[in-house]
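A.B. asks: here is my input; please provide its structure:
(one chain, ligands or ions: 1)
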Amino acid sequence: MISSNFENGTVTPWGSASGWRPVNLANSVNMHVIQNGPSGNAQSGEWFLRANTREGGGSVAIDGSFGIGAFTVITVLAWVRALGPSMNGVLNIWDLNPAPDDNFISGKNPISTSTPFEAGPNWTLISNVFQVGTTYPSTNIRIEFYLSTINANLDIDSVSMFFGQ
Ligand SMILES: [Ca+2]
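C.D. replies: Alright, predicted model coming up:
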C-alpha cells in the first residue's frame, strides 16, 4: 500500500518529485496543507489537504512511477470532505504512459477511469479502480481530484493506493 496522509505538512510521499500540486487550470486552484484547528480536523493524524478553484474543473494531482506488471489493478481510496458549501468533484486515475496497444482497449491516450463524488461536512471514503494494460517497465500513474464546484473547499486526506492482479 502506498499512502499519502499529509502528516507533518508534507505533499511529497512515495518519492514523487513534485508531490501534490495544482494541475488542471492550475492558476485558478489554491491548495494548502492544513493542521488540525479552527478550520477543521484531519481524517488521519493532524494534517490534511484543502483545495479550491475559481474555475470549474480545476484540479490537484500527484504523479508517481511504479514498476508494476501488465494488467495490474490499481485501487485508490481517499477520504474527502467539504465544510461549508458541498463540493462536486471527480477522482481520476490516469496511466500517463500507456503502451501503444493499450489504445486498442481504451481508444484514447492517456487513459483513465473516473469516480464522481459529492463531498459534504463529514469525511467520506471514495474509491476508484483502474487496470493497466500491457506496460513499459515503469508505469506513470496520476491520481487527480477535479473540483467541479467553484469557491468551495475540498478537503482530502489518507489517499491510499493498492496494486493487485
Ligand atoms: Ca492526515
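
A.B. asks: what pairs with the lengthiest strand in the chain, and is each one parallel or antiparallel?
C.D. replies: If you go by DSSP state E, the chain has its longest strand at strand 154-164. Strand pairing for strand 154-164, using DSSP bridges, gives strand 2-4 (antiparallel), strand 47-53 (antiparallel), strand 73-81 (antiparallel).

A.B. asks: could I get the average pLDDT for the last one?
C.D. replies: Think strand 73-81. Across strand 73-81, pLDDT averages out at 97.

A.B. asks: buried residues in that strand?
C.D. replies: Neighbour-count burial for strand 73-81 flags 74-81 (criterion: 16 or more other C-beta atoms under 10 Å). C-beta here means a position set from N, CA and C on the backbone, and glycine is covered the same way.

A.B. asks: then that strand to PDB, C-alphas only?
C.D. replies: Extracted in PDB, the C-alpha atoms of strand 73-81 (Å, rounded to 0.1, in the frame of the first residue of the first chain):
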ATOM      1  CA  VAL A  73      -5.300  -3.500 -11.000                       C
ATOM      2  CA  ILE A  74      -4.800  -0.200  -9.200                       C
ATOM      3  CA  THR A  75      -7.200   0.700  -6.400                       C
ATOM      4  CA  VAL A  76      -7.200   4.200  -4.900                       C
ATOM      5  CA  LEU A  77      -9.100   5.000  -1.700                       C
ATOM      6  CA  ALA A  78      -9.400   8.600  -0.400                       C
ATOM      7  CA  TRP A  79     -11.300  10.500   2.200                       C
ATOM      8  CA  VAL A  80     -13.000  13.700   1.200                       C
ATOM      9  CA  ARG A  81     -15.000  16.400   2.900                       C
END
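
A.B. asks: possible to save the strands paired with strand 154-164 as a markdown table with distance to residue 137?
C.D. replies: Formatted as a markdown table, these follow (distance: least, C-beta to C-beta, whole Å):
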| stretch | distance to residue 137 |
| --- | --- |
| strand 2-4 | 18 |
| strand 47-53 | 30 |
| strand 73-81 | 16 |
